[in-house]
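Colleague: Need the 3D shape of this:
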Amino acid sequence: MDDLEKAIFICFDESGTVDLSLKSQAVAFCQQIKESPSICSLCIERLCVSRYIQVQFWCLQCLHDDIRNRYPSMSLEEKAFLRSSVFSIACLEGLNGENSVSVLESPAFIKNKLAQVLVTLIQFEYPVAWSSIFVDFLPHLSKGVVVIDMFCRVLNALDDELISLDYPRSNEEVTAANRVKDAMRVQCVSQIVRAWYDIITMYRNSEPDLCASVLESMRRYITWIDIGLIVNDAFIPLLFELILVDGPDLLRAAAAGCVLAVVSKRMDHQSKLCLLQSLKISRVFGLLAGDSDSELVTKSAALLTGYATEVLECSKRLNVEDAKGVSVELLNEVLPSVFYVMQNREFDTAFNIVQFLSGYVSTMKSVSGLTEKQLLHVGQILEVIRVQICYDPIYRNNLDVLDKIGREEEDRMVKFRKDLFVLLRSVGRVAPDITQVFIRNSIATAVAAAVDRNVEEVEAALSLLYALGEYISEEALKTGSGILKELIPKLLSTKFPCHSHRMVALVYLETITRYLKFVQENSQYIPMVLAAFLDERGIHHPNANVNRRASYLFMRAVKLLKTKLVPFIETILQSLQDIVAQFTNVDYTSRELSGSEDGSFIFEAIGMLIGMEEVPLDKQSKYLSSLLIPLCQQVEALVINGTAAQNPEESHAKIAIIQQIIMAINALSKGFSERLVTSSRPEIGLMFKQTLDVLLQILVVFPKVEALRHKVTSFIHRMVDTLGASVFPYLPKALEQLLAESEPKEMVDFLILINQLIGKFNGLVHDILVEVFPAIASRIFNILPGDKFFQGPESNNEEIRELQELQKTLYTFLHVITTHDLSSVFLSPKSRVYLDSVMHLLLEASCAHKDILVRKACVQILVRLIKDWCTKSNGEERVPGFQNFVIEVFATHCCLYSVLDKSFEFRDANTLILFGEIVMAQKVMYEQFGNDFLVNFVSKGFSTAHCPQDLAEQYCQKLQAGDVKALKSFYQSLIEKLRLQKNGSLVFR
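Modeller: Modelled structure (predicted):
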């Protein structure tokens, strides 16, 4: 072993025992040799003498790299040497006489590398400089197995490296591939096909693995060679003989692969149909009964599904009656086997079940009535869907407890099922009666299934029924068309043995919910629905995921059935007593927090039930007080002890309990309308007022607990909607507590609440606003920084984002005040001190805020203030100084300088809307101030922007004409002309 071989061995060492510095030296030494000008001849020489696998691989890799990188620049002699040398090695021609080492005796990966080197030469030289490569290779096949094997590897490498379209190809590669294929078709393809035939017939019994390799090469080439070379009286009988006669699976499977390639070859549809008919494919059907793990069975399944796909395509493309008849006959012949494959076998991933079956079902849509065969096929398609949507039993426990594996499998199946349910919809429209009967029978069969399949069978059958409800019309749902009248009652009355499993329980409840409109029209089934939701199948199911979802679905059921449930209220409340007791239990210290249900859905459902006017007042009062009084007692008990010393864990538990109670009361109140609690039954309203009084104590005892402040704020929102104006006496205290020590995030919630009050009550909240606005302004101007905090890379942290949200909500708040005729609030004695700050904020935002919608809102606010404050009475200004501010500052800075800035992008839709508001502002200012505005705007603003006199005069004329649309168009063109004079680079702000 010389130094090079030693270095190669060290480079390839993976044992970890070689010193790193020594390995680095070896790599550097090999790289130095690789960069030598004579590397090709050195590698050829080594390949002929070295028996070391590592050395052979290194040499072949060097040859491959050197040919790819340097071949075009090589001399003619060097190219000729490479061609003859590599070809000789591949054909078992010794270069060094009898002592020559044969690379063809090396492992498969070495021979594959040699094939790759030879193919790289073919890419460069065939057919121009080396036209005889394939013709020269064929005589050497007589040398036997090793050369035939090498020839197959070369053909496969040529397909992988250049021809196959299974890999992305550059335009240059596609051109090269077409050049090679065209030359081969003319020169040698027929000879190669003849060689394939001779090799298979000669070696089929003695060397089946070799014949399988030949067939694999042949399969690759069938896609682009003349199909007549394969589809003839010699080759097709040979292929079917290989498939059907007992022998090694590998060889039979390879032959099936070739027939599939023939079937899939692109050609005229009439010719394709004749070809498919000639194959007599029924000969293969019996092979599907073999061992499911067998390669032959897998390939046979792929052949039949591929054949069926091609027949279906011919059926759709050919309009001639005879051709249609033939395609239908062939399809009817192969479909039973295809359905068998779909239900019982692993199928080729290239075969899309849904796509094929959807295509077949679509052919039924155009016919007036289905044939007996088609009806049979519809049933088989439904069975395929059912089988495919079944979960694998190995995931049963994972799906029940919903661990990581179960969650992943559920997510996978949700995606996988989507297309199958679309197919079910298509089948249901073509054959609705058969579909419904199939689903009914599936449910019956699933209930009776063996325990080891029961869960999956039931879940799949119920999922089919659920999916069926997606495309049934509302009228059909209500009337129970077809056998739904039988199916839905059967569903409601059935208690499945596997109901304890999460998946079954969930799909059962979802399915009942989907068909509630039938129950709405057939109220005799209401007791069965209630039982399903209220017993251990639903809200009392032991699985937390199920009882949580059941609570939500029950709430939806109550919302739909509502008045029909009045006779059952007592029964429902009794069934929910233990759930409600979790929240009304006064002994909070011993209570465990419910991890599965926060109570909101249950209490919302109860609220909708007892909040109906159809419930007598005495009963309504009784029901509501039995809920609110214990809940309020809970809160009072927790509040009384709120200041007592306690460990953090106890404190956290107490806060969590209060949160749950507030959510429960909030949800409960949703069922009571404002009209009921304020007009028709004020006694009910009084109960909610008393409850509000109790809950406001939470803000006093827990002033700094953000979660509780948020929940109480949410409840006040609800009471504003429920109690209407009668909530006013409680607002001053509530608003004062919410405003105290509020953080930016809480301040946002507070402003949203004020906006709700203004939106609902308009001018009625004037006095409340007068009282609260100074505190709001003081708090916000203390929180918001004076400079622009939203610029730069630091604007990405949570604190800055909260401040940005607060600022944005503040602009909305100011906009709501002004657009509801409440701008006088700003002028109250306590609020005037903040007027300058508010105006400065509005001016800055209207000129430069990065959010265009905020800028638009601020312009609208200022325009509204101009209208409200600038109508003079007795010759005096209502707001001294405001008119000067508007004319001298707002008009020039916002209406001129800000739009001159190049960042004001006219191509943006929102910016164009803002521009319209700015133009409207100018019109309003002219209407209010006349020439005072116009003279200042033109003399100061336009002159600073170097506006030509003629354009300024045209502007005055357009403004005075009063046509806003014409003014907007002119003003935009004016701004664009001024920008050309470099005004966009001026900084006015």
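Colleague: now the helices: where do they sit in the stretch 751-900 of the chain?
Modeller: Remark: helices assigned in the stretch 751-900 of the chain by DSSP state H, counting those that start in this stretch are 766-783, 798-819, 835-848, 852-869, 882-884, 891-892, 898-900.
Colleague: Including mean neighbour count and mean pLDDT, could those helices go into JSON lines?
Modeller: For every residue, glycine as well, the C-beta is placed using N, CA and C. Formatted as JSON lines, those follow (neighbours: other Cβ atoms under 10 Å; pLDDT from 0 to 100):
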{"stretch": "helix 766-783", "mean neighbour count": "17", "mean pLDDT": "92"}
{"stretch": "helix 798-819", "mean neighbour count": "18", "mean pLDDT": "92"}
{"stretch": "helix 835-848", "mean neighbour count": "18", "mean pLDDT": "93"}
{"stretch": "helix 852-869", "mean neighbour count": "21", "mean pLDDT": "95"}
{"stretch": "helix 882-884", "mean neighbour count": "17", "mean pLDDT": "93"}
{"stretch": "helix 891-892", "mean neighbour count": "22", "mean pLDDT": "94"}
{"stretch": "helix 898-900", "mean neighbour count": "21", "mean pLDDT": "93"}
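Colleague: got the buried residues for the longest helix anywhere in the chain?
Modeller: The longest helix of the chain (DSSP state H) is helix 404-430. When burial is assessed from 16 or more other Cβ atoms under 10 Å, helix 404-430 yields the following buried residues: 406, 409-410, 413, 417, 419-421, 423-428, 430.
Colleague: repeat for stretch 353-361
Modeller: In stretch 353-361, counting by 16+ other Cβ under 10 Å, buried: 353-354, 356-358, 360-361.
Colleague: Equivalent analysis for stretch 627-645, please.
Modeller: 627-628, 630-632, 634-635, 638-639, 642.
Colleague: about what we covered before: next step: the buried residues of stretch 353-361 restricted to helices.
Modeller: Using DSSP H, those in helices are 353-354, 356-358, 360-361.
Colleague: any chance of these in JSON lines, plus pLDDT and distance to residue 43?
Modeller: Formatted as JSON lines, those follow (pLDDT from 0 to 100; distance: Cβ to Cβ, whole Å):
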{"residue": "353", "pLDDT": "82", "distance to residue 43": "50"}
{"residue": "354", "pLDDT": "86", "distance to residue 43": "52"}
{"residue": "356", "pLDDT": "90", "distance to residue 43": "51"}
{"residue": "357", "pLDDT": "92", "distance to residue 43": "55"}
{"residue": "358", "pLDDT": "91", "distance to residue 43": "56"}
{"residue": "360", "pLDDT": "91", "distance to residue 43": "57"}
{"residue": "361", "pLDDT": "92", "distance to residue 43": "60"}
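Colleague: any chance of those residues in a markdown table, plus distance to residue 249?
Modeller: Formatted as a markdown table, those follow (distance: Cβ to Cβ, whole Å):
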| residue | distance to residue 249 |
| --- | --- |
| 353 | 25 |
| 354 | 30 |
| 356 | 26 |
| 357 | 29 |
| 358 | 33 |
| 360 | 31 |
| 361 | 35 |
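Colleague: Any figure for the gap between the residue most central in space within the chain and residue 506?
Modeller: Taking Cα atoms, centre = their mean, the centroid of the chain lies closest to residue 415, which sits 10.1 Å from it. Going from residue 415 to residue 506 by Cβ to Cβ, to the nearest Å gives 18 Å.
Colleague: Please apply the same query to residue 461.
Modeller: 14 Å.
Colleague: quick one: which of the two has more around it?
Modeller: Ranked by neighbour count (other Cβ atoms under 10 Å), residue 461 and residue 506 place residue 461 first, with 28 against 19.
Colleague: Following the chain past the helix or strand in which that one is found, name the next helix or strand.
Modeller: Applying DSSP states H and E as the criterion places residue 461 in helix 451-471. Downstream of helix 451-471, the next assigned helix or strand under DSSP H and E is helix 474-479.
Colleague: That following helix - contacts with which helices or strands?
Modeller: helix 516-521 (3 or more Cβ pairs under 8 Å, 6 or more residues apart in numbering; DSSP states H and E).
Colleague: Which SSE is immediately downstream of the helix it packs on?
Modeller: helix 526-534.
Colleague: what pLDDT does the closest residue to residue 867 other than its chain neighbours get?
Modeller: Leaving aside its sequence neighbours, residue 867 sits nearest to residue 924 (Cβ to Cβ, 6 or more residues apart in numbering; 6.6 Å). According to the prediction, residue 924 has pLDDT 94.
Colleague: Please work out how many residues are found near residue 924.
Modeller: Neighbour count for residue 924, taken as other Cβ under 10 Å: 17.
Colleague: Now do the contacts for it.
Modeller: 863, 866-867 (Cβ atoms under 8 Å, 6 or more residues apart in numbering).
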